[in-house]
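Novice: Kindly generate the corresponding structure for this input.
(chains A, B, C and D)
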Number of protein chains: 2
Amino acid sequence: MPNKNLTEREKGILSLVVKAYIDDAAPVGSRALVRRFDLELSPATIRNTMNDLEDAGLLEQPHTSAGRIPTDLGYRVYVDELMSPVELSPGEQAAIRDVLVDEGRGYIRDAATILDQTVRALGDLTHLLAVSLEPRLGKGIFEKIELVEMGGPKILAVLTIAKGFIRTLVLELDALVDSESLHETAQLINERLSGLPMRAIRESVRERMRDATAGDPKVLKLILSNSEDLFAPSAEEGSIHYWGTPHILALPEFADTERMVSLMGALEEKDVFLRILGQKRGEKGLTITIGEENQEGEIQFCSIVASPYTAREGSGTIGVLGPTRMEYSKLVSIVDYTARIMSEVLARVVHTPDQSKARTGIKKVRSE
Amino acid sequence: MPNKNLTEREKGILSLVVKAYIDDAAPVGSRALVRRFDLELSPATIRNTMNDLEDAGLLEQPHTSAGRIPTDLGYRVYVDELMSPVELSPGEQAAIRDVLVDEGRGYIRDAATILDQTVRALGDLTHLLAVSLEPRLGKGIFEKIELVEMGGPKILAVLTIAKGFIRTLVLELDALVDSESLHETAQLINERLSGLPMRAIRESVRERMRDATAGDPKVLKLILSNSEDLFAPSAEEGSIHYWGTPHILALPEFADTERMVSLMGALEEKDVFLRILGQKRGEKGLTITIGEENQEGEIQFCSIVASPYTAREGSGTIGVLGPTRMEYSKLVSIVDYTARIMSEVLARVVHTPDQSKARTGIKKVRSE
DNA sequence: GGTTAGCACTCTTCATTTGAGAGTGCCAAC
DNA sequence: GTTGGCACTCTCAAATGAAGAGTGCTAACC
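Specialist: Below is the predicted model:
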């Protein structure tokens, strides 16, 4: 917890310095600050205060006799104690809402599509990099399995999990099985496992399916040997969506090739973002991570404003990444609003592993 | 077709200039060329020849009294007439083969996973941006449909197309239907449509399904009103994979922010690459597109070496993108080899719309 | 005629210089 | 506690100049 013993004046100056630096990306000096905000004080006084703030570790100078820029700690104090969230304009709200809400669209998109579209809107609205993590099945309850013959020795297993999540997996047998036995086998599995949590199934399928009386033994064996994957806890753990690399790459902060490469590498590699966003999924509300507060070295020159969202029984994360010099006060509102609306929308949506666009979305049709 | 009337000497010099420039990314001068390649001729002679090549439009000077760099046309002549493909070292071959070939892996990955892994290997091997387009169903033959009840009013339609391709789509009804009628409806559809090309079905489902005697009329109506999507020609037209942005962003060619932004924008937007790669899918063999030969303005400072690959009845594209200054002679071999192996591997794989990693891949299991 | 040496000229690059501008720290005075 | 004044520092941009690389051209050479 940062020093709270700041005078009112110090708080004010820190705020102004942060604001000015966010706008200009250039060190801000005492004289410039006075002129810019029509301060009643003289530059000299400001200088004294700035000096105190520097001693407190909230500001720093790139070199002697340059202006000051906020340190990570400075931003932290600003974010925690000084700024107040900016209300969104109706236009901004609409920009987000229109993308997310699907009224009049004629079909329900699946979660992946929604995330994709949302992340685009968010990235373009903030002019930063928007990132999101797909919802994970929380405590998934297994509903049922269907086995569909696919021609040749291949079988498509379709699992229905919790309310509305489905998972498909193609299994390959080395012998042909007629669809009758497939159906019987599926039925047997459903009788014994339906309603159980996925975890429980993973741990005890073999015992539960012992002494099978019906169904095809080969198929059953196939299912059992793949139970780790079939009944895995999370559906799409690995899926992140992002949008806006051109926005941030154009910022002066990323003129340095090394930073650029390290960020893009992290994005492509995905691991880094999985860790960061996955961690935030645990948090209760909106999170702000500033610069070196980040665990991941690749992006310690960046800040992230992120918020968890919920989708049925799963939950994910959506957020915005940019240089530490970012408009926290506005981004907080935008990200918070987005996550909120997203939770609303996703509450009504089925989660499928299908990744393609509207074409393979979920069509909502009036059957007249 | 570029001028063929080049003397042997001119061809030689052009080759050397291209090679030197590919290595150094700096304009190459006559004296430097002589020193570098231990030429028997004097710089003055080289100068004369270079002058001729400049007149022919194959070389250009960034400014008077700098060295020369190849023009797009210069590269074209080099590629078409002068270079010879470099054979791959066993190590390089192995690097590609190991990723693609799945022996000993224990499971068959789906097409998306294979593309993902291949593109990674290709990008890292070439130190450029590797891109690929997922295979498209060629002349798809509809095999059958299965309708799976999903809880609530939702139905999962599973289509089996051609040999081994499947497509899933979630449909939503506004009434509950028991699985018996679902099964009957599916059976009816299969009886009437199985074996027909997707195109034919799209055009004439309604007539073909007229006077339905069995099945649930509501479900049938739902299927009909979604036939455009269900029987759409291509499964995953929209999917491109890429890897290697950090590689190319680090190149001097991309120090210019504008180029960087325009390339990254095109990558995120996907449209540009869909057009480029989709077009190449039509071509017979490996294609080299140099600089402004590109139709798409966003990447007219880049070259692409790409090759189509085949997967069952579908076909896709895989290739490498980089600055026009790239090692064509080597890339040709690498891309060609990759596409070849990929076609081999994909011939044995089922294509599913499932995007996640190994977890939801296709498990190959000995049922014994 | 092709090839080459020589030479004047051009242009970039880099280091250096210089002046202006912005900013600081400190001191003394208010 | 606040401020004006002042010496000092540092960056930035423009200007300068020398070095280096390269060119084109001409005249001579084989």
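Novice: going forward, measure contacts and count neighbours with C-alpha atoms only.
Specialist: Will do.
Novice: what's the neighbour count on residue A:114?
Specialist: 24 (other Cα atoms under 10 Å in any protein chain shown).
Novice: Please disregard the earlier target; I meant residue A:279.
Specialist: Using other Cα under 10 Å, residue A:279 has 12 other residues around it.
Novice: I'd like to know how far it sits from residue A:268.
Specialist: Distance, residue A:279 to residue A:268, by Cα to Cα, to the nearest Å: 19 Å.
Novice: just residue A:249 next, same as before
Specialist: In terms of Cα to Cα, residue A:249 sits 15 Å off from residue A:268.
Novice: ditto for residue A:80
Specialist: Distance from residue A:80 to residue A:268, by Cα to Cα: 32 Å.
Novice: Please list all residues in contact with whichever residue of the stretch 201-350 of chain A sits closest to DNA strand D.
Specialist: Closest to DNA strand D within the stretch 201-350 of chain A is residue A:252: 12.1 Å, counting by Cα to the nearest atom of the strand. For residue A:252, the contacting residues are residue A:25, by Cα atoms under 8 Å, 6 or more residues apart in numbering or on different chains.
Novice: phi, psi of it?
Specialist: When read as degrees, to the nearest 10, the backbone of residue A:252 gives phi -60, psi -30.
Novice: same question, residue A:84
Specialist: Dihedral angles (degrees, to the nearest 10) for residue A:84: phi -130, psi 140.
Novice: Do I have it right that residue A:115 meets residue A:239?
Specialist: No - taking Cα atoms under 8 Å as the definition, residue A:115 is not a contact partner of residue A:239, at 10.3 Å.
Novice: what's the distance between residue A:321 and residue A:276?
Specialist: From residue A:321 to residue A:276 the distance is 11 Å (Cα to Cα).
Novice: between the two, which one's more packed in?
Specialist: Ranked by neighbour count (other Cα under 10 Å), residue A:321 and residue A:276 place residue A:321 first, with 25 against 19.
Novice: The more buried one: which element?
Specialist: strand A:314-323 (DSSP states H and E).
Novice: Please say which of residue A:80 and residue A:268 ends up with more neighbours.
Specialist: residue A:268 (16 against 13).
Novice: give me the element the more buried one is part of.
Specialist: With DSSP H and E as criterion, residue A:268 is part of helix A:257-269.
Novice: Restricting to C-alpha, output that helix in CSV.
Specialist: C-alpha atoms of helix A:257-269 as CSV (Å, rounded to 0.1, in the frame of the first residue of the first chain):
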residue,chain,number,x,y,z
THR,A,257,12.0,-2.8,-31.9
GLU,A,258,12.8,-4.9,-28.9
ARG,A,259,9.6,-4.0,-27.1
MET,A,260,7.6,-4.6,-30.3
VAL,A,261,9.1,-8.0,-30.9
SER,A,262,8.7,-9.0,-27.3
LEU,A,263,5.0,-8.0,-27.2
MET,A,264,4.2,-9.7,-30.5
GLY,A,265,6.0,-12.8,-29.5
ALA,A,266,4.0,-13.0,-26.3
LEU,A,267,0.8,-12.5,-28.3
GLU,A,268,1.5,-15.2,-30.8
GLU,A,269,2.8,-17.6,-28.2
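Novice: where's it relative to the chain centroid, distance-wise?
Specialist: Distance, stretch centre to chain centre, for helix A:257-269: 18 Å (Cα atoms, centre = their mean, to the nearest Å).
Novice: Mean confidence (pLDDT) on the helix or strand following it, please.
Specialist: Moving toward the C-terminus from helix A:257-269, the next helix or strand (DSSP H and E) is helix A:271-282. Mean pLDDT, helix A:271-282: 85.
Novice: What is helix A:271-282 packed up against?
Specialist: If you count contacts as 3 or more Cα pairs under 8 Å, 6 or more residues apart in numbering or on different chains; DSSP states H and E, helix A:271-282 packs onto strand A:129-136, helix A:257-269, strand A:302-311, strand A:314-323.
Novice: Can you tell me what sits against the third one?
Specialist: Under the criterion Cα under 8 Å, 6+ apart, residues A:135, A:277, A:280-292, A:294, A:315-326, A:328, A:331-332, A:335-336, A:339-340, A:342-343, A:346-347, A:349 lie in contact with strand A:302-311.
Novice: That strand pairs with which strands?
Specialist: strand A:287-290 (antiparallel), strand A:314-323 (antiparallel) (DSSP bridges).
Novice: Mean neighbour count, the ones you listed: which tops it?
Specialist: Burial of those is given as mean neighbour count (mean count of other Cα atoms under 10 Å in any protein chain shown); strand A:314-323 ranks first at a mean of 26.
Novice: Dump it to CSV, keeping only the CA atoms.
Specialist: Extracted as CSV, the C-alpha positions of strand A:314-323 are listed here (Å, rounded to 0.1, in the frame of the first residue of the first chain):
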residue,chain,number,x,y,z
GLY,A,314,-18.1,-20.5,-17.1
SER,A,315,-16.2,-17.3,-16.8
GLY,A,316,-13.5,-15.5,-18.8
THR,A,317,-11.7,-12.3,-19.0
ILE,A,318,-11.7,-9.3,-21.3
GLY,A,319,-9.4,-6.3,-21.2
VAL,A,320,-7.2,-3.8,-22.8
LEU,A,321,-3.5,-3.6,-23.0
GLY,A,322,-1.4,-0.5,-23.7
PRO,A,323,1.6,1.4,-22.6
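Novice: mind checking how far that strand is from the chain centre?
Specialist: Worked out by Cα atoms, centre = their mean, strand A:314-323 lies 3 Å from the chain centre.
Novice: Mind listing what's buried along the next helix-or-strand element following that strand?
Specialist: Once the chain leaves strand A:314-323, the next helix or strand it forms, by DSSP H and E, is helix A:328-346. Buried residues in helix A:328-346, counted by 16 or more other Cα atoms under 10 Å in any protein chain shown: A:328-339, A:341-346.
Novice: residues making contact with stretch A:10-29?
Specialist: Residues from elsewhere that reach stretch A:10-29 (Cα under 8 Å, 6+ apart): A:33, A:46, A:49-50, A:53, A:58, A:61-62, A:66-70, A:74-75, A:78, A:82-83, A:252, A:325-327.
Novice: what subset of the residues you listed is also close to DNA strand C?
Specialist: A:50, A:66, A:67, A:68 (Cα under 7 Å from any atom of the strand).
Novice: Quick check: the farthest pair among those?
Specialist: Greatest spatial distance in those: A:50 and A:66, 12.3 Å, computed using Cα to Cα.
Novice: tell me which parts of the stretch 51-200 of chain A are close to DNA strand C?
Specialist: A:51, A:64, A:65, A:66, A:67, A:68.
Novice: Let's see that with 10 Å instead.
Specialist: Neighbours of DNA strand C within the stretch 51-200 of chain A, by Cα under 10 Å from any atom of the strand: A:51-55, A:60-61, A:63-69.
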